[in-house]
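> when you get a sec, could you give me coordinates for this:
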Amino acid sequence: MSFGKYLKSVQLIEIGMKDVPIKKISCQYNDDRIHLYRQCIKNMHSDKPLSPYAMPHLNFLITAKVLGLQRFSKDDWTIARTSLYYKMHKLYGRDRKWITGKMQKFINLFIDIGTYGIKEPIVLLNKPIIKNIYNPNKYFEVWEGHHRLAIAAFSGATKVKAKICKWSSDEKL
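Model (predicted):
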C-alpha cells in the first residue's frame with residue numbers, strides 16, 4: 001500500500017492543545033518521497049532534513065520576502081520558480097500552473113496571518129507514522145499545518161499552538 005493511501009486510513013484522536021516548541025516538531029516522513037524531499041533542503045540541514053527550519057516552505061518565504069510579498073508579477077514568478085518549494089512540488093509531479101497557484105495561496109495565507117494571526121492550530125501527531133532515523137519518536141510529527149508552521153518559524157516564533165493527536169489505523173503499511 002502506498003503511503004498516500006495509508007494516510008487515508010489513519011484515524012486521529014485528539015489528546016489536547018499545547019504550545020509546542022518549533023524545535024520539537026518534525027515534518028512528516030514519507031518513505032516514497034524522502035529521496036525527492038532531500039533534494040529540496042539546504043545543505044546546512046542535511047543531518048535534520050525534517051526540521052521545520054529545513055523546510056522548502058521556509059525557503060520560499062525567504063524568496064517571497066525578497067520579492068516584496070505582494071501579488072507576484074510575471075517576472076517575480078520566474079524568480080519564485082527558483083525556490084526549493086517550487087522544486088519540491090515539481091519533483092512530486094505537479095505542473096507549473098498548480099504550483100504557482102499553491103504559491104499564491106501560501107503568500108495570501110502569510111499576509112492573512114500577518115494581519116490576524118494564526119487562526120487554526122497546527123495538528124501534530126504524538127509519534128511519527130513511520131519510524132525513521134530523522135525522528136526517533138522524540139519529536140511531534142506534522143499532520144496538518146506545514147504552511148502555518150513555516151510562517152511561524154519565518155516570523156521568529158519559537159512555539160506554535162498545536163492540537164496534539166494520537167493516531168491509529170486498521171491497515172498495514
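
> which of the helices and strands in this structure ranks last by mean pLDDT?
helix 74-80 (a mean of 63; mean pLDDT, DSSP states H and E).

> state the next helix or strand along the chain beyond that one.
Next in sequence after helix 74-80, counting helices and strands by DSSP states H and E, comes helix 84-91.

> who's in contact with that following helix?
36-37, 39-42, 56-57, 59-60, 63, 80, 98-99, 102-103, 106 (Cβ atoms under 8 Å, 6 or more residues apart in numbering). Every C-beta, even on glycine, is put in place using the N, C-alpha and C of the backbone.

> the residues you listed, buried ones only, as a PyMOL selection?
Selecting only the buried entries of the contacts of helix 84-91 in PyMOL, with 16 or more other Cβ atoms under 10 Å as the criterion:
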select buried, resi 37+40+41+56+57+59+60+63+80+99+102+103+106
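
> so where's this protein shaky on pLDDT?
Applying pLDDT under 70 to the chain flags the ranges 42-47, 66-79.

> what about the helices in it?
Taking DSSP state H, the helices of the chain run over residues 3-9, 34-37, 56-67, 74-80, 84-91, 96-116, 146-154.

> tabulate those helices in CSV, adding columns for distance to Met17.
Below are the helices of the chain laid out as CSV (distance: least, Cβ to Cβ, whole Å):
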stretch, distance to Met17
helix 3-9, 23
helix 34-37, 29
helix 56-67, 23
helix 74-80, 34
helix 84-91, 28
helix 96-116, 18
helix 146-154, 15
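
> centre-most residue in this protein?
Closest to where the C-alpha atoms of the chain average out (Cα atoms, centre = their mean) is His146, at 2.9 Å.

> this completes my enquiry, with thanks.
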